[in-house]
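In: next comes the sequence, and after it the predicted model I'd like to discuss.
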Amino acid sequence: MMKKIMHLLFLSCLKASELIEKDLHLKLRLREKLQLKLHKAMCSTCNRYGKHSILIEKGIHDLQKKEAISVDFKKLEKRIILNLNKG
Amino acid sequence: MEKTNLEELVYLYTKDLYKWAFHKTSRAEVAEDLVQETFLAAAEKLSSFKEKSSAKTWLFSILNHKIIDFYRKKVNQTISLDNSGLSAYFDDNMDWKMNKRPQNWEENKKHLLDNQDFQEILKQCLEHLPDKWHTCVRLKYLSTKNGKEICQEIGISTTNFWQIIHRAKLKLRDCIETNWLKN
């Protein structure tokens, strides 16, 4: 019972981690913002989840920038022209 | 415009179009196909091309539609959200399961992202995500648009979008943690 009330006020870990993602991609409602803040203040696990999540976001972003373009453009151009002439 | 002119455009713009397509999809073979489809579509629409706009702008607008189609198809193919995935991480009280609680990665050290091993693990784990999740996680970075606009573009609800991201992150995080802490 106590747990239920706690969840209602301060969110469950499931809901909190969901809102952490929502916060990164969309906008939180004011109530969600407050609840999440309170939850994170009390729950070190979700706090850590949030840190990991931001780290992963940044990691993907870096990865994306690093991926080099390695393609033979001459070959690609030839293939496209070949297909154009087929049509 | 004549077909021979279109060939000229192939030589002029393939590189730029490819770079854009690659930037948006991060997959070489997909980018190549999209560029090719762009020119094939251009060949069909030659008559509708108005010399008023530049050929480059015209080709890029065709390519952008192809890119959106690519993502729309992908997301539509596979959207289904059930809760079974979540029970791997959370118990009946919706608290973290003991063995799935996020562990210490020493994430406070600034250089974790510069670590080659960590980068490699992240890359591998990303590749192992189911297609739709992979798509949604990437979309965020591939677009200058915000979450809401992306959803409108690929035709899913915003709730669906961040819930997919949430599930993807749980899996991704778990995969990284297992491999990283093993080292």
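Out: Yes, it's here. Residues are numbered from 1 along each chain as shown, chains lettered A, B, ... in the order given.

In: please make it C-alpha for all contacts and neighbour counts, starting now.
Out: Fine.

In: shaky segments in chain A?
Out: For chain A, the stretches flagged by pLDDT under 70 are A:64-70, A:87.

In: residues from it in reach of chain B?
Out: Residues of chain A lying near chain B by Cα under 8 Å from any Cα of the partner chain: A:12-15, A:17-18, A:21-22, A:25-26, A:45-46, A:48-49, A:51-53, A:55-56, A:59-61, A:63-64, A:67, A:69, A:71, A:73, A:76-77, A:80-81, A:83-84.

In: and the helices in chain B?
Out: Under the criterion DSSP state H, chain B contains helices at B:3-25, B:28-44, B:55-78, B:116-127, B:131-142, B:147-154, B:158-182.

In: in chain A, where's the longest helix?
Out: If each helix of chain A is counted by residues according to DSSP H, the longest one is helix A:44-66.

In: what number of residues lie near A:Leu36?
Out: The tally of other residues near A:Leu36 (other Cα atoms under 10 Å in any protein chain shown) stands at 27.

In: what helix or strand is it on?
Out: helix A:30-42 (DSSP states H and E).

In: in that helix, what counts as buried?
Out: When neighbours are counted by 16 or more other Cα atoms under 10 Å in any protein chain shown, the buried residues of helix A:30-42 are found to be A:Glu32, A:Gln35, A:Leu36, A:Lys37, A:His39, A:Lys40.

In: how about stretch B:123-130?
Out: Of the residues in stretch B:123-130, those buried under the neighbour-count criterion (16+ other Cα under 10 Å) are B:Lys123, B:Cys125, B:Leu126, B:Leu129.

In: which one of the residues you listed sits closest to chain A?
Out: Closest to chain A out of the buried residues of stretch B:123-130 is B:Lys123 (7.7 Å), distances taken as Cα to the nearest Cα.

In: who are the contact partners of the closest one?
Out: Under the criterion of Cα atoms under 8 Å, 6 or more residues apart in numbering or on different chains, the contact list for B:Lys123 reads A:Leu63.

In: on the three-state scheme, A:Val71 is what?
Out: Following DSSP: H, G, I helix; E, B strand; the rest coil, the label given to A:Val71 is coil.

In: identify the residue nearest it in space, chain neighbours excluded?
Out: B:Ala28 (7.6 Å; Cα to Cα, 6 or more residues apart in numbering or on different chains).

In: tally up the residues packed near that neighbour, please.
Out: Residues contacting B:Ala28 under the criterion other Cα under 10 Å number 18.

In: with the one 5 residues further on instead?
Out: Taking other Cα under 10 Å as the criterion, the count of residues near B:Asp33 is 15.

In: next: B:Lys66.
Out: 19.

In: and if you look at B:Phe39?
Out: For B:Phe39, using other Cα under 10 Å, the count is 23.

In: residues contacting it?
Out: With contacts defined as Cα under 8 Å, 6+ apart, the neighbours of B:Phe39 are A:Ile80, A:Leu84, B:Val10, B:Leu59.

In: same question for A:Glu32.
Out: Contacts were defined as Cα under 8 Å, 6+ apart; by that measure A:Glu32 touches A:Leu19.

In: from what I see, A:Lys22 and B:Ile164 are in contact.
Out: No - the pair A:Lys22 / B:Ile164 is not scored as a contact, 10.3 Å apart, by Cα atoms under 8 Å.

In: separation between the nearest residue to A:Cys13 once chain neighbours are set aside and B:Ala168?
Out: Spatial nearest neighbour of A:Cys13, chain neighbours left out: B:Asp95 (5.0 Å); criterion: Cα to Cα, 6+ apart. Remark: distance between B:Asp95 and B:Ala168 (Cα to Cα, to the nearest Å) = 18 Å.

In: what about the two, which has more around it?
Out: Comparing B:Asp95 with B:Ala168 by neighbour count (other Cα under 10 Å), the higher total belongs to B:Ala168, at 22 against 19.

In: which secondary element of chain B has the worst mean pLDDT?
Out: Ranked by mean pLDDT, DSSP states H and E, the weakest helix or strand in chain B is helix B:131-142, scoring a mean of 66.

In: now do A:Lys37 against chain B, distance only.
Out: 17 Å (Cα to the nearest Cα, to the nearest Å).
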